[in-house]
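# any chance you can model this:
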Amino acid sequence: MEIVIGIVGLLIGAVVAWYVTGLMANSRAKKIVSDAEKEAEVIKKNKLLEAKEEVLSMKAEAEKQISSRTSKIQSTENRLKQREMQINQKQEELNKKSNELDEVKANLESQRTALEKRNQELDKLHKQSLEKLETISGLSAQEAKEQLVESLKDEAKTSAQSYINEIVEEAKMTANKEAKRIVIQTIQRVATETSIENAVTVFHIESDEVKGRIIGREGRNIRALEAATGVEIIVDDTPEAIVLSAFDPVRREIARLSLHQLVADGRIHPARIEEVVAKVTKQIEEEIVETGKRTAIDLGIHGLHPELIRLIGKMKYRSSYGQNLLQHSRETANLCAIMAAELGLNPKKAKRAGLLHDIGKVPDDEPELPHAILGMKLAEKYKEKPDICNAIGAHHDEVEMTSLLAP
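Below you'll find the predicted structure:
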């Protein structure tokens with residue numbers, strides 16, 4: 001009996017233990033689920049916060065890019081408006097000078113009319129003198145006519161020639177003054193805010209780390225680049241910039257393009273520098289010749305010497321009185337052709353002279369010569385016609401004007 005009771009007690013204890021264990025397991029499971037839910041909620045909040053911060057960062061970056069592009073667009077619009085104002089002002093000045101030229105032509109026409117009237121008065125005086133001589137001398141009309149003609153011939157010639165010379169000299173002075181004022185002030189020296197030729201180019205870089213690579217160990221890359229291009233490389237504390245200094249704009253452009261290729265390629269050392277500079281120099285020379293040929297074709301000018309073609313191409317890299325020299329020479333060529341047509345001169349020759357008038361500003365080997373004289377010598381050297389050469393040399397009154405094409 002006691003054994004049975006013991007067995008029953010064990011069974012009851014086992015059942016109770018099983019029940020209690022189940023309750024405890026269920027409680028732990030609920031706690032684990034609860035903790036997992038809380039942890040998931042925290043992770044969810046953190047992810048939402050990170051996503052929100054990323055969205056805000058992307059929004060700020062987009063707004064920054066939009067602001068930058070808006071600023072660039074506004075800057076471009078301002079430049080276009082300024083250019084439009086300059087063009088309008090130039091057009092008004094040209095119209096004004098055209099009116100002044102018309103007044104000069106009208107004045108010359110008036111003087112010509114006065115000369116014709118003077119000749120008519122001389123003819124009338126001649127007839128009156130003839131009649132008077134016939135009456136006084138009793139000579140035949142033929143004899144009196146012969147004497148009168150002989151006596152008045154020299155006087156009439158002298159008087160008429162003197163009067164003609166006065167008119168011609170006055171016309172020359174007026175024409176010279178007006179032509180210089182119209183051509184030199186209005187066409188050649190277009191009004192600009194600055195008249196300083198640039199002698200430096202700023203090369204922008206992404207970081208000071210790139211600047212260090214360009215400099216090289218103990219500055220060897222800078223020295224190699226200066227030796228290869230003939231340009232002074234100025235590296236100072238200016239952030240993300242290197243200054244290229246040289247009076248020759250072609251050399252500066254070669255240095256700039258070489259630096260651009262070296263930085264883009266990543267290989268920057270003396271041997272690579274020499275290789276890139278040689279390649280860029282060849283490209284620039286080819287571009288100069290192509291620019292000269294294209295300019296001559298655009299303007300309809302043929303038969304230029306190859307060296308003149310090359311000098312015209314180099315104008316692209318020079319400026320004069322704040323204006324690109326090639327653009328200035330193209331505008332001058334077109335304006336000269338228009339004015340020549342109005343004055344009954346040869347427009348093609350005028351256009352040729354206009355294109356070449358500042359060719360003396362391109363070479364650097366004879367800076368002691370005025371550019372007009374140097375340009376004339378270059379034109380003579382490369383077989384341009386005498387009237388073209390004179391127009392080039394006389395456009396600043398440094399040689400006598402012997403051609404109607406001269407200003």
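# so where does Phe203 fall, helix or strand?
Assigned by DSSP states H and E, Phe203 belongs to strand 200-204.
# now do Leu345
With DSSP H and E as criterion, Leu345 is part of no helix or strand.
# so what's the residue count around it?
17 (other C-beta atoms under 10 Å). Bear in mind the C-beta positions are built from the backbone N, C-alpha and C, glycine included.
# what is the burial count for the nearest residue to it once chain neighbours are set aside?
Nearest residue to Leu345, sequence neighbours excluded (C-beta to C-beta, 6 or more residues apart in numbering): Leu404, at 5.7 Å. Using other C-beta under 10 Å, Leu404 has 15 other residues around it.
# isn't Leu404 right next to Ala350, touching?
No. If you go by C-beta atoms under 8 Å, Leu404 and Ala350 don't touch, sitting 9.2 Å apart.
# so which residues make contact with stretch 344-357?
For stretch 344-357, contacts defined as C-beta atoms under 8 Å, 6 or more residues apart in numbering pick out 188, 295-296, 299-301, 308, 312, 329-330, 332-341, 372, 375, 379, 384-385, 387-388, 391-392, 395, 404-405.
# these in helices, which ones?
Those of those mapping onto helices are 295-296, 299, 308, 312, 329-330, 332-341, 372, 375, 379, 387-388, 391-392, per DSSP state H.
# please convert the buried members of the residues you listed into PyMOL selection syntax.
One line in PyMOL is enough to select the buried members of the ones in helices among the contacts of stretch 344-357, burial here meaning 16 or more other C-beta atoms under 10 Å:
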select buried, resi 295+296+299+308+312+329+330+332+333+334+335+336+337+339+340+372+375+379+387+388+391+392
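# secondary structure element for Met58?
Applying DSSP H and E, one finds Met58 within helix 2-137.
# which elements pack onto that helix?
helix 141-179 (3 or more C-beta pairs under 8 Å, 6 or more residues apart in numbering; DSSP states H and E).
# which helix or strand in the protein has the lowest average pLDDT?
Within the chain, no helix or strand scores below helix 141-179, which has a mean of 65 by mean pLDDT, DSSP states H and E.
# leaving aside the residues next to it on the chain, what's closest to the most centrally placed residue in the chain?
The centre of the chain sits closest to Asn324, judged by C-alpha atoms, centre = their mean, with a distance of 3.5 Å. Leaving aside its chain neighbours, Asn324 sits nearest to Lys316 (7.2 Å; criterion: C-beta to C-beta, 6+ apart).
# do Pro363 as well
Leu374 is the one closest to Pro363 (C-beta to C-beta, 6+ apart), at 6.7 Å.
# I'd like to know how far Gly13 sits from Leu259.
Using C-beta to C-beta, to the nearest Å, Gly13 is found at 92 Å from Leu259.
# quick one: which of the two has more around it?
Leu259 (25 against 10).
# wait, the more buried one sits on Lys211?
No. Using C-beta under 8 Å, Leu259 is not in contact with Lys211, being 10.9 Å away.
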